[in-house]
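Student: Provide a 3D model corresponding to the input given below.
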Amino acid sequence: MSDATRPTAEITLLGRSYVIACPPEEEAKLERAARYLDRAMTGIHSQNNLLGNERIAVMAALNITHELLEALESQREGERSLDALSERLERALTDTKPR
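Tutor: Alright, predicted model coming up:
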């Protein structure tokens, strides 16, 4: 598919529009991600409106990456906890089986 026929979607970040290549079935996810990024960038911009858009974008990306890594670590901890509980349950069931 050539670039001219590739499906696109328009997003807005800090009031500036961008046209992004995006399959139609992914457009809602792209829009959701763009809204999240725009909120993050707007928050940084409101704290220091002297920063350029590139620096704001980098700071937002770092903040969002930090949030993602924290969420992934929390998920891993939850999985480890569930694994430990599952093992305890298996041992308890094995110990209570009639011999």
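Student: any chance you could map the strands in the chain?
Tutor: 8-13, 16-21 (DSSP state E).
Student: can you name every helix or strand that the first one contacts?
Tutor: In this case it means strand 8-13. Here strand 8-13 touches strand 16-21, helix 27-47, going by 3 or more C-beta pairs under 8 Å, 6 or more residues apart in numbering; DSSP states H and E. Yep, even glycine has a C-beta here, placed from its N, CA and C like the rest.
Student: ok, the first one: who's next to it in the sheet?
Tutor: Going back to what we said before, that points to strand 16-21. Paired strands of strand 16-21, with direction, are strand 8-13 (antiparallel) (DSSP bridges).
Student: next, the buried residues of the strand it pairs with.
Tutor: Under the neighbour-count criterion of 16 or more other C-beta atoms under 10 Å, strand 8-13 has 9, 11, 13 buried.
Student: wait, T12 touches D38, no?
Tutor: Yes. T12 is in contact with D38 according to C-beta atoms under 8 Å; the separation is 6.6 Å.
Student: what's the pLDDT at the residue sitting nearest the centre point of the chain?
Tutor: The structure's the chain has its C-alpha centroid closest to L68; by C-alpha atoms, centre = their mean the separation is 5.8 Å. On the pLDDT scale, L68 is placed at 98.
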